[in-house]
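**Student:** Predicted model and sequence below, questions to follow.
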Amino acid sequence: MSVFRRSSALVSLVSLLAFGCSGGPSLPNPSSVSGTIKQKGKPYPNVVVGFVATSAGLPANARYASAKTDASGKYTVEKIYPAEYQVTLTEEVPPPKEGEMVPANAGSPALAKFGPTSTLAVKVEPGTPAAFDYDVR
């Protein structure tokens, strides 16, 4: 086999592996989620609101979405696929300054129960923006 034919065959094989035969699974049309996170009735800024898909059917790259709350506690996830999601809340901790150490308890104790074991949930429907507001007590 000539070098040209080998190269051509290799390019074809790589293309097939990279793109698949059918172009991959088609995803449903994305929706959006927005809301407000508060702590005891007051806006809670700098909270990362994460959505982890708990229902089957989405590829790995579409199973998580997140947004950070602004100064008024509001957030919006522009692109999220229809599914059932576990909602996580974590405080964004700024990186340490040069020479500083990060405290072992960095982050908000109020949000500790809303990490990987959070029981908060939301269902995102196709084509319908979802709302998720929460007051941390």
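**Tutor:** Thanks, I have it.
**Student:** Next up, the contacts around the residue most central in space within the chain.
**Tutor:** Nearest to the geometric centre of the chain sits Ala65, at 1.9 Å (CA atoms, centre = their mean). By CB atoms under 8 Å, 6 or more residues apart in numbering, the contact list for Ala65 reads Val33, Gly50, Phe51, Val77, Lys79, Ile80. Yep, even glycine has a C-beta here, placed from its N, CA and C like the rest.
**Student:** Next, the distance between the ends of stretch 101-118.
**Tutor:** Criterion CA to CA, to the nearest Å; first-to-last residue distance in stretch 101-118 is 28 Å.
**Student:** tell me the mean pLDDT for it?
**Tutor:** In this model, stretch 101-118 has a mean pLDDT of 79.
**Student:** Make 606 the starting number, not 1.
**Tutor:** Okay, using 606 as the starting number, the last item reads as stretch 706-723.
**Student:** now the strands for this structure?
**Tutor:** 636-644, 647-648, 652-658, 669-673, 679-685, 688-696, 726-729, 735-736, 739-741 (DSSP state E).
**Student:** out of the ones you listed, nearest to Ser713?
**Tutor:** With CB to CB, the closest approach to Ser713 among those belongs to strand 688-696: 4.4 Å.
**Student:** Go through the strands of the chain and pick out the most buried.
**Tutor:** The highest average neighbour count among the strands of the chain, using mean count of other CB atoms under 10 Å, belongs to strand 652-658 at a mean of 22.
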